[in-house]
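>>> sequence below, structure please.
(one chain, ligands or ions: 1)
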Amino acid sequence: MLLLVIQIFNKQEPREPERDYSEFSEALERGDIAQVMIQGRVLHGTFQNGDRFRTYEPGDTELVRRLRDKGVKIQAKPEDGASVFKMCRACHDSERNAPARIGTSLWGIVNQRKAARPGFNYSTALRAKGGIWSYRDLADYLNNPRKFAPGTSMTFAGIVSNRRMADLLAYLRTLSDNPAPLPN
Ligand code: HEC
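From the prediction side, this is the model:
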């Protein structure tokens, strides 16, 4: 999934009773998209079950393209993500070169190698994960840290709301001189 909330803009005919929403419903069921909103109203509820979190990778554009063809827009708000990030600040800074506290600074974290900041004492669990912090892995870890990396030393309960997660990921990507491409 990535990022996010899908909004259908239909100025002329706000209700559009005969529109076929089955594709959106199926994508929601599969967890491919976080939420569908029509004229600001949620078409189907967001998922409460964090296990169904999905993140669109930047290359994973097929569904998004089809939705776009139907007049759907995808958006996440980094400025709202900045306030979600406040809860991370108990342990993490966001500035470049900020020293680690309980956790490392998260400057440049998107697409960076996992557990790779020099001098920080990561858990064995996180070290063993390997690979980079893709949007998908960030969403999975931040949704349920102990499920993603059993034994992680990050004592953080996790973010359940898809909307907040999308906003947070959009904010994290801004912590860079060259922000990673957004899935689009
Ligand atoms: C209570 C302290 C605490 C809070 C709150 C917290 N973290 Fe962490 N975080 C840690 C610790 C400790 C680690 C190292 C985990 C390990 O080694 O297993 C970590 C690791 C991480 C990593 C991996 C860093 C790397 O270099 O691979 C990311 C990404 C991360 N946290 C993001 C977040 C975000 C985003 C939030 C807020 C939504 C958050 N954390 C909230 C303590 C915290």
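>>> longest helix in the chain, by residue count?
In the chain, taking DSSP state H as the definition, the longest helix is helix 162-173.
>>> show me what that one is packed up against.
strand 5-8, helix 78-84, helix 135-143 (3 or more CB pairs under 8 Å, 6 or more residues apart in numbering; DSSP states H and E). Heads up, the C-betas are built off the backbone N, CA and C, glycines and all.
>>> for this structure, which residues are neighbours of the ligand?
Proximity of the chain to the ligand, by CB under 6 Å from any ligand atom, involves residues 87-88, 90-92, 102-104, 106, 109, 114-117, 122-123, 125-126, 133, 138, 142, 149, 152-156, 159.
>>> now do 5 Å
Residues of the chain found near the ligand (CB under 5 Å from any ligand atom) are 88, 90-91, 102-104, 109, 114-115, 117, 122-123, 126, 152-156.
>>> any chance of a ChimeraX selection covering the buried ones in the residues you listed?
Those of the residues of the chain next to the ligand that count as buried under 16 or more other CB atoms under 10 Å are selected in ChimeraX with:
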select :88,103,104,109,114,115,117,122,126,152,154,156
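>>> out of the residues of the chain next to the ligand, list just those in helices.
Using DSSP H, these in helices are Leu126.
>>> give the buried residues for stretch 86-106.
Neighbour counts over stretch 86-106 (16+ other CB under 10 Å) mark 88, 92-94, 103-106 as buried.
>>> burial measure for the closest residue to Ala100 other than its chain neighbours, as a count.
Counting by CB to CB, 6 or more residues apart in numbering, Ala100 lies nearest to Phe120, which is 5.0 Å off, once chain neighbours are set aside. Counted with other CB atoms under 10 Å, the neighbours of Phe120 add up to 13.
>>> kindly indicate whether Phe120 is helix, strand or coil.
coil (DSSP: H, G, I helix; E, B strand; the rest coil).
>>> returning to that earlier point: could you check the angle helix 135-143 makes with the longest helix of the chain?
Calculated by axes from the mean of the first three to the mean of the last three CA atoms, to 10 degrees, helix 162-173 forms an angle of 120 degrees with helix 135-143.
>>> what's the average pLDDT for helix 162-173?
Averaged across helix 162-173, the pLDDT comes to 83.
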